[in-house]
Each structure stands twice: as structure tokens, then as C-alpha cells.
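K.L.:
Sequence and predicted structure are below.
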Amino acid sequence: GTELTGARARAWLLAFADRVVADADELTELDRQAGDGDFGWNISSALKRARTGLEESGAQDPAEVFQAVSDAFLASGGTSGPLFGLWFGRLGAGPSAPWSVADLGRAFETATGAVRRLGKAEVGHKTMVDAMAPAAEALTSAETHSWREAVRGAARAARAGADSTSGMIAHRGRASYLGERVQEVLDPGAVSVAWFFEAAEGA
Ligand code: ADP
Ligand code: MG
Ligand code: MG
């Protein structure tokens, strides 16, 4: 199938949760260097809750899957909790049916715009937006009808965006208090967004 179904969205999110829970230490280490060291814990506890929510929800379409993940983030701590809660929540407001590539583009564009406004963060500020924005752009400009290929392109864009945060001086979040001293450290929020898109590969 070329559309993103609820079952595939669920498999995607479960693969993302497994990746984050397995590799949370990497994210914690980045946030320890450039923040307060709780990001790995914040995101993995949210995604563990999301995993339980997804098992219990019987979600039928992608929007319901994303909404269950949003609920889990909104119940979690840190600056990242409400921001990811909003991102997934806007995805959760997408169409109640399998998603075409055009639906994916619209949903991620809207969701990323909401995060940018709430966080007052633009590309170059060294935050999760540095991975979200190029991924959304890749989805809206994708020239394929296959959701999997489109998301693969988004994953490459998100990874390049996350990599670009090494070398940036942070303008938002705790890393902004440390300035040049943590310029070379990757932003953990952006890295986790790259992991999110990469997790679709096996779904
Ligand atoms: P806290 O600083 O409250 O401990 P977390 O550790 O939960 O926050 O999350 C840190 C991540 O949140 C950062 O890596 C960055 O990607 C993201 N972030 C922080 N502030 C903002 C913001 N204003 N806009 C967008 N993303 C942000
Ligand atoms: Mg933190
Ligand atoms: Mg904190």
C-alpha cells in the first residue's frame, strides 16, 4: 500500500519508542553536556506511556495513533513534553483515514508551525525545530506517492538538520545559557526527531 495506515503508524511509533528507550543514554549524555541531563528520561518515560496507551487504544488510523502519543507527552515533564505533545497533537488532528503523502506533508507542516510558535524557535536556534522543519519541507515537496519513500526522504532531511546543530550557538532552551561552550554538542531534541523519522523504515 502507498498510504500510511493506522497499523503502520502504530508500528512506526512503537519502533520509535523502542529505539528511544534502548538508546536514551545517548540523549541523556547530550542533555547532560548542554542542559540538565533529563531529556533521555523525559522522552523515554513519555514513550513508555505512549506504548501502553497504544496497546490499549486500538487506534484505527494515523491520527488516533499520534493523538495517543500526544497524550503521553502532555503528561510528561521538561520543556520537551509540551512541545512534543503539541507536535503529535496537531498530527492527531489530521484526517481520520489512511494518509496520503499530501496528508503527511500538510500534517507535519501544521504541527511544526505550532511548535515554532510555542517555542519561538526558528531553524538555526539549535532545537528540535532544526530537524522538524526540514523534514516537513521534504514531505511537502516529495515527488512520490509512497508514504514510505516520502518518510525516508524526511528522515534524511531530519538527520541532516540534527547534524547541523553541532556548530550552532543555541538561542533557545538551557543550551542557550552555555553559548559557545557547547556549540559542538548536538541538540538532543533534534536527534530524537531524526530517530522518529528513521523509525518508519521497519514499520
Ligand atoms: P528542559 O530544558 O526543561 O530540561 P528537556 O530536556 O525536556 O527540557 O528538552 C530539551 C530539548 O527541548 C532541547 O534539546 C530542544 O530540542 C528542545 N527545546 C528547548 N527549548 C525549546 C524551544 N523554545 N523551542 C523548541 N524546542 C526547544
Ligand atoms: Mg533537560
Ligand atoms: Mg529539565
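P.N.:
Alright, I've got the coordinates. Ligands and ions are numbered 1, 2, ... in the order given.
K.L.:
By mean pLDDT, which helix or strand of this structure comes out lowest?
P.N.:
When the helices and strands of the chain are compared on mean pLDDT, DSSP states H and E, helix 39-57 comes out lowest with a mean of 94.
K.L.:
Compute the inter-axis angle for the following helix or strand past it and helix 39-57.
P.N.:
Next helix or strand after helix 39-57 toward the C-terminus (DSSP states H and E): helix 62-74. Helix 62-74 runs at 140 degrees relative to helix 39-57, counting by axes from the mean of the first three to the mean of the last three Cα atoms, to 10 degrees.
K.L.:
Give me the helices and strands touching helix 62-74, please.
P.N.:
Secondary-structure packing of helix 62-74 (3 or more Cβ pairs under 8 Å, 6 or more residues apart in numbering; DSSP states H and E): helix 6-34, helix 39-57, helix 80-92. (C-beta placed from N, C-alpha, C; glycine too.)
K.L.:
in it, what's buried?
P.N.:
62, 63, 64, 65, 66, 67, 68, 69, 70, 71, 72, 73 (16 or more other Cβ atoms under 10 Å).
K.L.:
And the nearest residue to the fifth one once chain neighbours are set aside, how far from residue 64?
P.N.:
In this case it means residue 66. Leaving aside its chain neighbours, residue 66 sits nearest to residue 91 (3.7 Å; criterion: Cβ to Cβ, 6 or more residues apart in numbering). Look at residue 91 and residue 64: by Cβ to Cβ, to the nearest Å, they are 10 Å apart.
K.L.:
can you count the residues close to residue 113?
P.N.:
When neighbours are counted by other Cβ atoms under 10 Å, residue 113 registers 14.
K.L.:
what about it, distance to residue 86?
P.N.:
Separation of residue 113 from residue 86 (Cβ to Cβ): 10 Å.
K.L.:
which bits of this protein sit near ligand 2?
P.N.:
31, 35, 36, 38, 39 (Cβ under 5 Å from the ion).
K.L.:
show me the contacts for the first one.
P.N.:
Residues counted as contacts of residue 31 (Cβ atoms under 8 Å, 6 or more residues apart in numbering) are 37, 38, 39, 40, 188.
K.L.:
Pretty sure residue 200 sits against residue 148.
P.N.:
Yes - the criterion here is Cβ atoms under 8 Å, and residue 200 meets it with residue 148 at 6.8 Å.
K.L.:
ok, those two, which is more surrounded?
P.N.:
Neighbours per residue (other Cβ under 10 Å) separate residue 200 from residue 148, with residue 200 holding more: 22 against 16.
K.L.:
got a list of what that one touches?
P.N.:
12, 15, 148, 151, 152, 155.
K.L.:
Check those residues and tell me the two furthest apart.
P.N.:
15 and 152 (13.9 Å; Cβ to Cβ).
K.L.:
Pull stretch 137-148 out as CSV, backbone CA atoms only.
P.N.:
Taking Å, rounded to 0.1, in the frame of the first residue of the first chain, the C-alpha atoms of stretch 137-148 are listed here in CSV:
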residue,chain,number,x,y,z
GLU,A,137,9.6,20.6,4.0
ALA,A,138,10.8,17.2,2.5
LEU,A,139,7.3,15.8,3.0
THR,A,140,5.5,18.7,1.4
SER,A,141,7.8,18.7,-1.7
ALA,A,142,8.0,14.8,-2.0
GLU,A,143,7.6,13.6,-5.6
THR,A,144,6.4,10.1,-4.7
HIS,A,145,3.0,8.6,-3.8
SER,A,146,4.6,6.1,-1.4
TRP,A,147,4.4,7.2,2.2
ARG,A,148,7.4,5.0,3.0
